[in-house]
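Pasting the sequence and the predicted model now:
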Amino acid sequence: MNLIFLGPPGAGKGTQSKRLAARYGIPQLSTGDILRKAVADGTALGKQAKALMDAGKLVPDEIVNGIVSVQLIGPSDPTLAFRGKGMMSCGRIDRPAGRTSSL
């Protein structure tokens with residue numbers, strides 16, 4: 001089962017996806033959580049994202065998609081590992097089309 005929740009901030013995407021993840025045992029991915037972790041971990045892409053965020057700019061799709069790809073291909077957190085059971089992804093609908101098409 002693959003689910004994608006899209007909606008404006010505060011719509012409940014994260015709340016609902018966490019409930020479904022717990023109920024069905026499938027990983028829940030949040031681009032915001034993954035981005036914040038990459039910045040906190042000081043990864044190369046995380047550093048690029050931090051510089052842009054600190055300057056008040058949006059992080060471009062190439063960087064966000066790169067950070068998410070690293071998480072999907074080789075996650076360090078086993079709770080987010082893609083295990084063939086499916087996955088859920090949460091994202092805002094006010095983001096550029098390139099990001100949503102990559103989902």
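Received, thanks.

okay but residue 70 is in contact with residue 45, surely?
Yes: between residue 70 and residue 45 there is a contact under Cβ atoms under 8 Å: 7.3 Å. Using the backbone N, CA and C atoms, a C-beta is placed for each residue, glycine as well.

So which of the two has more stuff around it?
The residue with more neighbours, out of residue 70 and residue 45, is residue 45; 20 against 17, by other Cβ atoms under 10 Å.

Just give me how far the helix or strand hosting that one sits from the chain centre.
Of the helices and strands defined by DSSP states H and E, residue 45 is found in helix 44-54. Taking Cα atoms, centre = their mean, to the nearest Å, one finds helix 44-54 lying 15 Å from the centre of the chain it belongs to.

Buried ones in that helix, by neighbour count?
Using 16 or more other Cβ atoms under 10 Å as the test for burial, helix 44-54 gives 45-46, 48-50.

Just want to check the distance between the residue located most distally from the centre of the chain and residue 48.
Using Cα atoms, centre = their mean, the residue of the chain lying farthest from its centre is residue 55. It sits 21.2 Å away. Look at residue 55 and residue 48: by Cβ to Cβ, to the nearest Å, they are 11 Å apart.

With residue 21 instead?
Per Cβ to Cβ, residue 21 is found 29 Å from residue 48.

Equivalent analysis for residue 62, please.
Distance, residue 62 to residue 48, using Cβ to Cβ: 9 Å.

what's the answer for residue 23, then?
Distance, residue 23 to residue 48, using Cβ to Cβ: 36 Å.
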